[in-house]
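*Asks:* Sequence and predicted structure, then a few things I'm wondering about:
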Amino acid sequence: MQFQNLNIKDTKINSKSMLFVYNDNMKKFLILICILIFGIKSSAFNIVYPKNTNVTINANSTFFIGSSQTPLTVNGQNVPLHKTGAFAYVVKLNSGKNTFVICSGNQSQTYTITKPAIKFPFKPQQFVQYNKKRSFYVSTEGSPLRSSPFDGGINRMAHLQNGVPLLVDGEKNWFYRVVLSENNYGWISKSNVKEFKNFEITPAKFLGYDYIDSRDYFTFVFHLDKQVPYEIVEGDVMSIKFFNTNEVCKHDFPYKEAANGKKLIGYKGHYEGNDFILQIRKPLKHKKIKNIKIAVDAGHGGYEKGAIGCLGDEEKDITLKISKYLEKELKSRGAKVIMTRTDDKYVGLKERVDIANENDAAIFVSIHANALPDGLDPNKISGTSVFYYYNEAKPLADTVLNTMLTELKTNDDKVRQASFAVVRNTNALSILIETAYLINPDDNEKLVNPEFQKACAKAIADGIEKYFSAQ
Ligand SMILES: [Zn+2]
């Protein structure tokens, strides 16, 4: 009733009030819509690294990797988002507990990252020399004999078979020092050997060698009166050193002449009784990759996911896709392709190498996508890198990387020598390709794109083909 007494002014005011009432409802409605939208969109706000909200990281900085469809802040600071929504955001760490609150829309997540206050420096043990030399034998198949007492780096001299006797004169940390000859030593992990009981190693005698020719290999059979540690020395002239003989015997064999100046591709060596059999792959005759056996190794698989990209994609899936495109590319050029896996399953590192070697692959290409450790900035590091272990694989690594950089226009992340299990395969020229960085937002966008995956496969195949045509 009161409404009826309202004058025009009141009515006007009242109509404004009505508008306000309407606006309030509208606001509530919009808020509800926003909650619904943010609610839905917040499911797309995803942090893939750090993997837990409470972690310990021993570095001066770390990063948040993930994606968001709405503006995102870390401790109130805006995080630049890639057009895909991907982000990599570096944060400094102080000693002790560091708290980070991540907000996007109406969602927030708190991370507690602890940086250990004291970093205990590693104090290496001093070398302990024994009064009397001790006799051991290899108890783990394929144990690395190293040139230095470190597990890592480019220090492998040979992989020794079970049963090879070793004369030991001291120890340092987790390694025994192996006497190879006077003032010449190697190192072997204590866990890879056992001590002989009542047996003393005496010097071996070298009794000469035979050469056997076959279609695919130059085969040398070295005769000794007992097994000894050895080192195969690669280079223009390949040679083999047998130790624990009266003196180091170093044998150059007619590889260079037989190979007619061609580069070494691969070799394998093992004991059969007291004979050491060394098989060196003959140079491949044709300049094309037709009929050449190439092993394609899709990195990771099954429960071993590999790196996780900003957008949540897993390395194991991307490597499999690129590997399958590569299989197609290589087969279309006449190569014989051996896949170490064709579906999402776990395959061990040794098994991957075994598959390639059982099939006598001459080339081994492992496909990966990269990530970075804490302390680095994923926004500043990107691109393609190729790894090798043995020097003979470097020209292949160089050619494949250069071809990829030209065709894919990715950043040059260099050719590097590294001790990865799959590139320590000597039977084939072995390389490992980090196609691009999954935790770099720009690279991540490329890696999940099927066109880039195909281009990547084509560039790798082109690179391998170029390597052969340049031989
Ligand atoms: Zn990987």
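*Replies:* Noted; the coordinates are in hand. Numbers count the residues shown, from 1 in each chain.
*Asks:* where exactly do the helices run in the stretch 251-400 of the chain?
*Replies:* Counting by DSSP state H, counting those that start in this stretch, one finds helices in the stretch 251-400 of the chain at the ranges 255-259, 315-332, 349-358, 394-408.
*Asks:* my read: Tyr467 touches Asn402, true?
*Replies:* No. With contact defined as C-beta atoms under 8 Å, Tyr467 does not count as touching Asn402 (10.2 Å). All C-beta atoms are positioned from the backbone trio N, CA, C, and that covers glycine.
*Asks:* Between these two, which has more neighbouring residues?
*Replies:* Legend: neighbour count by other C-beta atoms under 10 Å for Tyr467 and Asn402, higher for Tyr467 (20 against 16).
*Asks:* So Glu445 lies in a helix, does it not?
*Replies:* Yes. Assignment of Glu445 by DSSP: H, G, I helix; E, B strand; the rest coil places it within a helix.
*Asks:* before we move on, the earlier item: is it possible to get JSON lines of the helices of the stretch 251-400 of the chain that adds distance to Thr245?
*Replies:* Listed next are the helices of the stretch 251-400 of the chain as JSON lines, based on distance: least, C-beta to C-beta, whole Å:
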{"stretch": "helix 255-259", "distance to Thr245": "21"}
{"stretch": "helix 315-332", "distance to Thr245": "44"}
{"stretch": "helix 349-358", "distance to Thr245": "29"}
{"stretch": "helix 394-408", "distance to Thr245": "31"}
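*Asks:* what's near enough to touch the single nearest residue of the chain relative to the ion?
*Replies:* At 3.5 Å from the ion, His368 is the closest residue in the chain, using C-beta to the ion. Applying C-beta atoms under 8 Å, 6 or more residues apart in numbering to His368 gives the contacts 299-300, 306, 315, 319, 432-435.
*Asks:* could you say which helix or strand contains the closest residue to Val193 other than its chain neighbours?
*Replies:* In this structure, Val193 finds its nearest non-sequential neighbour in Phe136, 4.3 Å apart by C-beta to C-beta, 6 or more residues apart in numbering. Here Phe136 is covered by strand 128-138, with elements defined by DSSP states H and E.
*Asks:* State the mean pLDDT of that strand.
*Replies:* The average pLDDT within strand 128-138 is 95.
*Asks:* What strands line up against that strand, and which way round?
*Replies:* Strand 128-138 pairs in its sheet with strand 165-172 (antiparallel), strand 193-195 (antiparallel), by DSSP bridges.
*Asks:* Please compute how far the shortest one lies from its chain's middle.
*Replies:* Using C-alpha atoms, centre = their mean, to the nearest Å, the mean C-alpha position of strand 193-195 is found 31 Å from that of the whole chain.
*Asks:* ditto for the first one
*Replies:* Centre-to-centre, strand 165-172 and its host chain are 32 Å apart (C-alpha atoms, centre = their mean).
*Asks:* sorry, back to before: got a pLDDT number for the residue of the chain closest to the ion?
*Replies:* For His368, pLDDT reads 98.
*Asks:* what do you get for Val422?
*Replies:* 89.
*Asks:* Now for the closest residue to it other than its chain neighbours, how many residues are close by?
*Replies:* In this structure, Val422 finds its nearest non-sequential neighbour in Ser366, 4.7 Å apart by C-beta to C-beta, 6+ apart. Ser366 has 27 neighbouring residues, counting by other C-beta under 10 Å.
*Asks:* next one: Glu272
*Replies:* 9.
*Asks:* now swap in Lys92 and tell me
*Replies:* 10.
*Asks:* how about it, what does it touch?
*Replies:* Contacts of Lys92 by C-beta under 8 Å, 6+ apart are 60-61.
*Asks:* I'd assumed Gln161 was in contact with His270.
*Replies:* Yes. Using C-beta under 8 Å, His270 is in contact with Gln161, at 6.2 Å.
*Asks:* so which of the contacts of His368 also contact the ion?
*Replies:* 299, 306 (C-beta under 5 Å from the ion).
*Asks:* ok, and the most crowded of the contacts of His368?
*Replies:* Thr435 (30 neighbours).
*Asks:* Turn the helices of the stretch 251-400 of the chain into CSV, columns for mean pLDDT.
*Replies:* As requested, the helices of the stretch 251-400 of the chain are exported to CSV (pLDDT from 0 to 100):
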stretch, mean pLDDT
helix 255-259, 62
helix 315-332, 98
helix 349-358, 95
helix 394-408, 97
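*Asks:* Out of those, the one nearest Ser67 is which?
*Replies:* helix 315-332 (15.7 Å; C-beta to C-beta).
*Asks:* How about the residues of the stretch 251-400 of the chain by the ion?
*Replies:* Going by C-beta under 5 Å from the ion, the residues of the stretch 251-400 of the chain near the ion are 299, 306, 368.
*Asks:* change it to 6 Å
*Replies:* 299-300, 306, 315, 368 (C-beta under 6 Å from the ion).
*Asks:* with these in mind, which one is nearest to Thr340?
*Replies:* Gly299 (9.4 Å).
*Asks:* check contacts around that closest one.
*Replies:* Here Gly299 is in contact with 306, 315-316, 319, 366-369, 432 (criterion: C-beta under 8 Å, 6+ apart).
*Asks:* Now do the contacts for the residue nearest to Gln126 when sequence neighbours are not counted.
*Replies:* Spatially, and ignoring its direct neighbours in sequence, Gln126 is nearest to Lys172 (7.4 Å; C-beta to C-beta, 6+ apart). Going by C-beta under 8 Å, 6+ apart, Lys172 touches 124-128, 149, 187.
*Asks:* Take those and write them to CSV, including secondary structure.
*Replies:* Shown next, in CSV, are these (three-state DSSP):
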residue, secondary structure
Pro124, coil
Gln125, coil
Gln126, coil
Phe127, coil
Val128, strand
Pro149, coil
Trp187, strand
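*Asks:* now, the most widely separated pair of those residues?
*Replies:* Gln126 and Trp187 (14.9 Å).
*Asks:* Quick one: residues contacting the nearest residue to Gln129 once chain neighbours are set aside.
*Replies:* Spatial nearest neighbour of Gln129, chain neighbours left out: Gly170 (4.4 Å); criterion: C-beta to C-beta, 6+ apart. Contact analysis of Gly170 by C-beta under 8 Å, 6+ apart lists 127-130, 176-177.
*Asks:* Filter these down to the buried ones, ChimeraX style.
*Replies:* Listed next is the ChimeraX selection for buried residues among the contacts of Gly170, using 16 or more other C-beta atoms under 10 Å:
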select :176,177
